[in-house]
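> here is a sequence with its predicted model. Questions after.
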Amino acid sequence: MKLGANQRILGVAAAVLLLDQVTKLLVIGLLKQWDQRVIVDGFFKFVHWGNTGAAWSLFHGNNGVLALVSVVALAILAWARHKFDLRTGLGQFAYGLVTGGILGNLIDRIRVGHVIDFLYFYIRPRGGDGSEVGFPAFNVADSAICVGVFLLILLSWKAGQDPAGEAPPVARV
């Protein structure tokens, strides 16, 4: 059975959403909020941190506003979907990643009042005082959004490289 573009997009979005929510439920079951477990000392911790802001905790404390922004972003994505190259499997995959990721974090904002982050990579500087320099904690939804947006940008750039100077027409799905 051959899947259509909409089915592929929904399948990817549903898979991301399911994986995101299952991993967050595991975190809730294994760690109390603000707890952490070192997995690889000096490199990786499994944490249970709440984020009421956006990426890198920007706009911290604005969970409600950011939930509204997520809803608006989903609406704009749906409305402007003809602008994306959804003719290809990669375009459909990327669009599904972004959609599923936004939905995963939106569910957190509504259900628990913040986004649950649990993957934390860090290093300890040599000769330091024991402090850490880390990448902001993130989750499956964040990863899906980042990879999906990167792929959509890459596909847009590739479409702009058409030898005739025009991007190929994008099919409406």
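Looks like it arrived, so ask away.

> using the three-state scheme, assign the residue lying farthest from the centre of the chain.
Most distant from the centre of the chain: Gly127, at 35.0 Å, with distances by Cα atoms, centre = their mean. When classified by DSSP: H, G, I helix; E, B strand; the rest coil, Gly127 comes out as coil.

> distance of it relative to Val71?
Using Cβ to Cβ, to the nearest Å, Gly127 is found at 48 Å from Val71. Just so you know, the C-beta spots here come from the backbone N, C-alpha and C atoms, and that holds for glycine as well.

> what's the answer for Gln92, then?
From Gln92 to Val71 the distance is 22 Å (Cβ to Cβ).

> can you list phi and psi of the residue farthest from the centre of the chain for me?
With angles defined as degrees, to the nearest 10, Gly127 sits at phi 60, psi 20.

> and for Arg126?
Torsion angles, degrees, to the nearest 10, at Arg126: phi -60, psi 140.

> how many residues are close by it?
5 (other Cβ atoms under 10 Å).

> distance of Ala75 relative to Gln33?
Taking Cβ to Cβ, one finds Ala75 at 31 Å from Gln33.
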